[in-house]
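[1] structure here, sequence nowhere to be found:
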């Protein structure tokens with residue numbers, strides 16, 4: 001079992017920044033890939049960013065590329081999503097996800113455990 005807890009969401013004005021954190025407990029953290037997804041009201045959950053087990057390989061969705069950065073600290077069992085230049089269309093519930101594989105995926109169904117989500121609201 002893996003437990004994931006997101007934090008860092010909130011209300012921010014357009015152009016602002018937030019840093020989301022995802023703390024993990026349970027299985028060995030450092031061996032597995034992690035991802036961030038988001039879901040806006042009335043829309044499907046979509047991929048945002050992912051990172052491989054060691055942090056050396058990352059993938060960022062085109063919609064946030066150049067604005068969002070994903071990272072992880074295996075010693076702290078924590079993953080981060082730095083979000084800069086936020087836009088109203090970034091408003092969503094953000095979820096972290098754990099994949100029982102060392103390399104990342106962009107597919108929702110490829111992840112085995114999910115956090116409860118943290119709300120990010122960007123005002124115009």
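    Okay, I see it. Quick caveat, the model's predicted, so the values are computed rather than measured.
[2] what about residue 100, neighbour count?
    13 (other C-beta atoms under 10 Å). In this view, the C-beta of every residue, glycine as well, is placed from N, C-alpha and C.
[3] give me the nearest residue to it, chain neighbours excluded.
    Leaving out its chain neighbours, the residue that sits closest to residue 100 by C-beta to C-beta, 6 or more residues apart in numbering is residue 112, at 4.8 Å.
[4] just the element for residue 103, please.
    Using DSSP states H and E, residue 103 sits within no helix or strand.
[5] quick one on the thing from earlier: the residue nearest to residue 100 and residue 98 touch, don't they?
    Yes. Residue 112 lies in contact with residue 98 (C-beta atoms under 8 Å); the separation is 6.1 Å.
[6] of the two, give the one with the bigger neighbour count.
    More crowded of residue 112 and residue 98, by other C-beta under 10 Å: residue 98, with 23 against 14.
[7] run through the residues that contact the residue nearest to that one when sequence neighbours are not counted.
    Closest residue to residue 98 apart from its sequence neighbours, by C-beta to C-beta, 6+ apart: residue 113 at 4.2 Å. Residues near residue 113 by C-beta atoms under 8 Å, 6 or more residues apart in numbering: 1, 2, 3, 4, 26, 97, 98.
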